[in-house]
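K.L.:
Got a sequence here, can you model it:
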Amino acid sequence: MKTEDLLGQHFGRLIARRIVRRTDKTAFIECSCTCGTTKIIRASNLQSGACRSCGCYRRERIIKMNFKHGAATRKGCSTEWTIWRGMHQRCEDKNCKDYPRYGAKGIRVCARWSGSNGFAHFFEDMGNRPLHKTLDRIKGTKGYTLANCRWATPKEQAANRSPRTRGIGSDHWSHRNPSKALLNLHRNRGSRT
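P.N.:
Numbering: from 1, shown residues only. Below you'll find the predicted structure:
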């Protein structure tokens, strides 16, 4: 088949548009892909079936194989997957900086959200993360389960947070708001009398 006869034909996702270069033994053809990309391909690769897309088909297959849950983005991992992975690291990885506040205190991730299908179940249960919200445990002393987790705003999480303290005794100074801690200390002492 002559190279000119390839023009206008479909080869998988590609359509041969025009010959852009010839050498003694081969020709290169500009092809447009169904995804909208234009690519220059060796004519022999079109004829043999070695090239049937601009590379978009391969990318789609890799994403499909690596992200069974369908929550991948073009950049790789979804926000939800990153949150799920961080939840596991805090609870299970003793080298994680947050492990002392989670895993060491007995905070665990439920069995449904763990294991080979853990993320798929987490994503099914929690859905997409709403804008400006992050994962929150409703009861801070309990683990990560569907009944104890929600997507919450930073304000909702702050109201639900156990206070960090410093100083002599646990009720002297709050790391986040010393004046509020003093007010609470005064209120608590006043109610004891």
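
K.L.:
going forward, measure contacts between C-alpha atoms and count neighbours the same way
P.N.:
OK.

K.L.:
How confident is the prediction for the most centrally placed residue in the chain, by pLDDT?
P.N.:
Most central in the chain under CA atoms, centre = their mean is residue 78, positioned 2.1 Å from the mean C-alpha point. Looking at residue 78, its pLDDT stands at 80.

K.L.:
What's the separation between it and residue 135?
P.N.:
Distance of residue 78 to residue 135, computed by CA to CA, to the nearest Å: 14 Å.

K.L.:
cool, and residue 34?
P.N.:
39 Å.

K.L.:
So between the two, which is more surrounded?
P.N.:
More crowded of residue 34 and residue 135, by other CA atoms under 10 Å: residue 135, with 20 against 14.

K.L.:
Pop the domain breakdown of the chain in here.
P.N.:
As assigned by automatic domain parsing, the chain contains the domains 3-60, 79-155, 163-193.

K.L.:
Tell me where the protein is predicted with low confidence.
P.N.:
Applying pLDDT under 70 to the chain picks out residues 62-76, 162-193.

K.L.:
Mind naming the longest strand for it?
P.N.:
When the chain is parsed with DSSP state E, its longest strand is strand 14-22.

K.L.:
quick one, the next helix or strand after that one and strand 14-22 angle?
P.N.:
Using DSSP states H and E, the helix or strand that follows strand 14-22 towards the C-terminus is strand 27-33. Per axes from the mean of the first three to the mean of the last three CA atoms, to 10 degrees, the angle that strand 27-33 makes with strand 14-22 is 150 degrees.
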